[in-house]
Each structure stands twice: as structure tokens, then as C-alpha cells.
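A.B. asks: I would like to see how this sequence folds:
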Amino acid sequence: MPKKGRGKANTLDPLSLPPQLQTALEALYGHYEKTFQLWDKAGIRVPPASLSLQQHVHIEAGLRFHFGFQRENDDGSTTLENGRFALFRNFDEQWQSIPASEHASDR
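C.D. replies: This is a model prediction of the structure:
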């Protein structure tokens, strides 16, 4: 994140990430997805690992973009914002937890 945005971590909108960060996340996910498909085709039942290290806690918004989050509405209710990368989602469309044992390609 640019220095000017660091102090506003609690107001970061995961769906309004800087284009450079979105591009980087999409590139990393694209590589992961290709590797996942190759492993799946080869019969490797354990998915490849994906590690993401952040220099600052402000990049947490990027992780929420990855995995999904609940957006708080003005009336206090929440709306599910599913993660943009299907293989990394922790929840389905009904916000039900996806069991760790479920094969990611079956989602």
C-alpha cells in the first residue's frame, strides 16, 4: 500500500484494491490455479501450498479479496462477498464453511 493509505487500514475496501495489488494477486492465483490443475490431472490429491506474506497488516484487505468476507451494510445487516479466487474460498455461496477435507476442484 502507498504510505498515504496506510493509516486508513480500517476503512480499506477489499473490492477497491489498487490496480497494482489486484494484478499481483491475480498473477499469483493464475499460477497457483495452473499448478493445481496439473497436480489434479496427475492424480496428486493434496493441493499445492500457497504462501502469502504481507509486509504490513494493511494488506489484510487483499486477503479478504482472496478468501471472502462479510460486508456490513448501513442497516447493520451483513452481505457475503465471496472471495474472487475459487480455489482459496473458505465459504460457499450460502456462507457455509467448506470442509477442509473437501477437494477444492469439486467446489
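A.B. asks: show me which helix runs longest in the protein.
C.D. replies: Looking only at the chain and at elements set by DSSP state H, the helix with the highest residue count is helix 19-41.
A.B. asks: poorly predicted segments of the protein, please.
C.D. replies: 1-12, 53-66, 100-107 (pLDDT under 70).
A.B. asks: what about the strands in it?
C.D. replies: Counting by DSSP state E, the chain forms strands over residues 68-72, 78-82, given from the N-terminal end onward.
A.B. asks: what does the first one rub up against?
C.D. replies: Right, strand 68-72. Outside strand 68-72, the residues within contact range by Cβ atoms under 8 Å, 6 or more residues apart in numbering are Pro14, Thr78, Thr79, Leu80, Glu81, Asn82, Gly83, Arg89, Asn90, Phe91, Trp95. In this view, the C-beta of every residue, glycine as well, is placed from N, C-alpha and C.
A.B. asks: could those residues go into TSV alongside distance to Ser52?
C.D. replies: Below are those laid out as TSV (distance: Cβ to Cβ, whole Å):
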residue	distance to Ser52
Pro14	14
Thr78	25
Thr79	25
Leu80	22
Glu81	19
Asn82	18
Gly83	13
Arg89	15
Asn90	14
Phe91	18
Trp95	23
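A.B. asks: returning to that earlier point: who are the packing partners of the longest helix of the chain?
C.D. replies: When contacts are defined as 3 or more Cβ pairs under 8 Å, 6 or more residues apart in numbering; DSSP states H and E, helix 19-41 sits against helix 60-67.
A.B. asks: just to revisit the earlier point, filter the contacts of strand 68-72 to the buried ones?
C.D. replies: Of the members of the contacts of strand 68-72, the ones counted as buried by neighbours, 16 or more other Cβ atoms under 10 Å, are Pro14, Gly83, Arg89, Phe91.
A.B. asks: what comes up buried for the longest helix of the chain?
C.D. replies: Leu25, Tyr29, Tyr32, Phe36.
A.B. asks: just curious, which of these is nearest to Asp74?
C.D. replies: Nearest to Asp74 among the buried residues of helix 19-41 is Leu25, at 28.0 Å by Cβ to Cβ.
A.B. asks: and the closest residue to Asn82 other than its chain neighbours, how close does it get to Gln96?
C.D. replies: With sequence-adjacent residues excluded and distances taken as Cβ to Cβ, 6 or more residues apart in numbering, Asn82 is closest to Gly68, at 4.7 Å. In this structure, Gly68 and Gln96 are separated by 12 Å, where distance is defined by Cβ to Cβ, to the nearest Å.
A.B. asks: lovely, talk soon.
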